[in-house]
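**Student:** Give the three-dimensional model of this entry:
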Amino acid sequence: MSFLFPSPTITFEAALRDLVSGKPRSRAMAAHALGDVTEPTEKRRAVDALIAALDDNHPQVRMEACAALGDLGEPSALPHLIKKLDDGVAPVRQNAAIALGTLGHPDGFEPLATALKDGPPDLRFQAATSLAEIEPVRAFDHVLAALDDRDGQVVGAAALSVGAIAKLDEALKPRALSALRAKIDHGDASARFDVAYALAELGDEGGRAVLAKAATDVERAWDANSALGELGATQELARAVSAKKTPPEARVLAAGRLLAAGGGDDDTRGVLIDALTDRKIHVRGLAVEQLTAVGGPWAKAPLEKLARSGKGADLLEAIAAALRAIEGRS
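**Tutor:** As a prediction, this is how the structure comes out:
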């Protein structure tokens, strides 16, 4: 899926027309819109048009065409997407790799394995993820080898794939843990974090210190506190809850994970209650989500108050679900 453009309001026929004759931005928006087609006849026409658009002279159009073909899930696009792995523009070949992973067709595996081994860094990075989406167990040795890649971002992507695959197949866990532990002191900070996250996903505390350091970081706080929650790291979560520089979203998550792990106190519960009145709806929504998981009788009145207020108008179903969950636990 592409976030380059918002979902445009455009008819199917207009999208087909714009894809051929519009200006570059209009062609790109049309390609993006065609990825949402569901009616069988229209879908067939959209696939044909998007395959043709893979040769557009503007990279944004090619990029959106790749993404849309992945969203449509049509196997006939496979050989055309494979060709785009060699596109001269990085975002185009990345989107082609993403689309191949989304399609999940076995014929996409070997081209992505070759890209992971010999492609440019941006493509190796994406191939490490897409391979695991097609055939996880078959991909394991390939992404395990990529932990020795010379590019830190590729190492990070490979680490996450190694962890995800080993989480699916317990037999691979010992090899995954051994390889990941060997990379926890990687020279690239981003790679270290991804290795620590992958270890936590497998229940291993080898990267706990790395995660704790990132628990208040604007870029990584959410993932760090999510992983610390997997480990039940109450001390680190408590520090993230109390730290003023922790981003609001991550603080709400940390508070919920801390309570779920059996830690926390009235101040921790207060973080979730206060977030129900935050000016940002997504923060309010996150608070409701966490209270659905860990809220007790102490959360009922604030949730009911939010439901009666204007700030709760778009969250009524989520609030009702949270109240039911709390009642069930009570």
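
**Student:** who are the neighbours in contact with Leu199?
**Tutor:** Leu199 sits next to Gly163, Leu177, Leu180, Arg181, Ile184, Glu205, Gly206, Gly207 when contact means C-beta atoms under 8 Å, 6 or more residues apart in numbering. Any C-beta I mention is one placed from the backbone N, CA and C, and that applies to glycine too.

**Student:** Where does it fall, secondary structure wise?
**Tutor:** helix 189-201 (DSSP states H and E).

**Student:** distance between that helix and the chain's centre?
**Tutor:** 15 Å (C-alpha atoms, centre = their mean, to the nearest Å).

**Student:** residues of whichever helix or strand comes after it that come out buried?
**Tutor:** Beyond helix 189-201 in the direction of the C-terminus, DSSP H and E gives the next helix or strand as helix 208-214. For helix 208-214, a neighbour-count test (16 or more other C-beta atoms under 10 Å) marks Arg208, Val210, Leu211, Ala212, Lys213, Ala214 as buried.

**Student:** How far off centre is helix 208-214?
**Tutor:** The answer for helix 208-214 is 20 Å, by C-alpha atoms, centre = their mean.

**Student:** So which elements touch it?
**Tutor:** Applying 3 or more C-beta pairs under 8 Å, 6 or more residues apart in numbering; DSSP states H and E, we find helix 208-214 packed against helix 189-201, helix 221-231, helix 234-242.

**Student:** helices and strands of this structure: which one has the lowest mean pLDDT?
**Tutor:** Least confident helix or strand of the chain, by mean pLDDT, DSSP states H and E, is helix 12-21 with a mean of 91.

**Student:** neighbouring contacts of that one?
**Tutor:** Contact partners of helix 12-21, identified using C-beta under 8 Å, 6+ apart, comprise 10, 26-27, 29-31, 33-34, 37, 42, 45-46, 49-50, 53, 61.

**Student:** A ChimeraX selection for the residues you listed, restricted to the buried ones, would help me check which they are.
**Tutor:** In ChimeraX, a selection of the buried entries from the contacts of helix 12-21 looks like this (16+ other C-beta under 10 Å):
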select :10,26,27,29,30,31,33,34,37,45,46,49,50,53,61
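
**Student:** Any idea which of the contacts of helix 12-21 the model trusts least?
**Tutor:** pLDDT across these is lowest for Ile10, at 75.

**Student:** Can you classify the nearest residue to that one once chain neighbours are set aside by secondary structure?
**Tutor:** Spatial nearest neighbour of Ile10, chain neighbours left out: Ala33 (5.0 Å); criterion: C-beta to C-beta, 6 or more residues apart in numbering. Per DSSP: H, G, I helix; E, B strand; the rest coil, the local secondary structure of Ala33 is helix.

**Student:** Would you quantify the distance from Ala33 to Glu42?
**Tutor:** Separation of Ala33 from Glu42 (C-beta to C-beta, to the nearest Å) stands at 12 Å.

**Student:** Quick check: buried residues in stretch 293-311?
**Tutor:** Under 16+ other C-beta under 10 Å, the buried positions of stretch 293-311 are Val294, Gly295, Ala299, Lys300, Pro302, Leu303, Leu306, Ala307, Lys311.

**Student:** Tell me who's in contact with the fourth one.
**Tutor:** Read that as Lys300. Residues near Lys300 by C-beta under 8 Å, 6+ apart: Leu323, Ile326.

**Student:** tell me the centre residue of this structure?
**Tutor:** Nearest to the geometric centre of the chain sits Asp223, at 10.2 Å (C-alpha atoms, centre = their mean).

**Student:** Distance of the closest residue to that one other than its chain neighbours relative to Ile165?
**Tutor:** Nearest residue to Asp223, sequence neighbours excluded (C-beta to C-beta, 6+ apart): Tyr197, at 5.9 Å. Between Tyr197 and Ile165 the computed distance is 14 Å (C-beta to C-beta).

**Student:** related to what we said a few turns ago, farthest-apart pair in the contacts of Leu199, please.
**Tutor:** With distances taken as C-beta to C-beta, the most widely separated pair in the contacts of Leu199 is Gly163 and Glu205, at 13.8 Å.

**Student:** Compare the two (neighbour count), which wins?
**Tutor:** Shown here are Gly163 and Glu205; by other C-beta atoms under 10 Å, Gly163 has more neighbours (25 against 14).

**Student:** where's that one, which helix or strand?
**Tutor:** Taking DSSP H and E as the definition, one finds Gly163 inside helix 152-168.

**Student:** quick one on the thing from earlier: kindly provide the distance from the residue nearest to the centre of the chain to Leu160.
**Tutor:** From Asp223 to Leu160 the distance is 10 Å (C-beta to C-beta).
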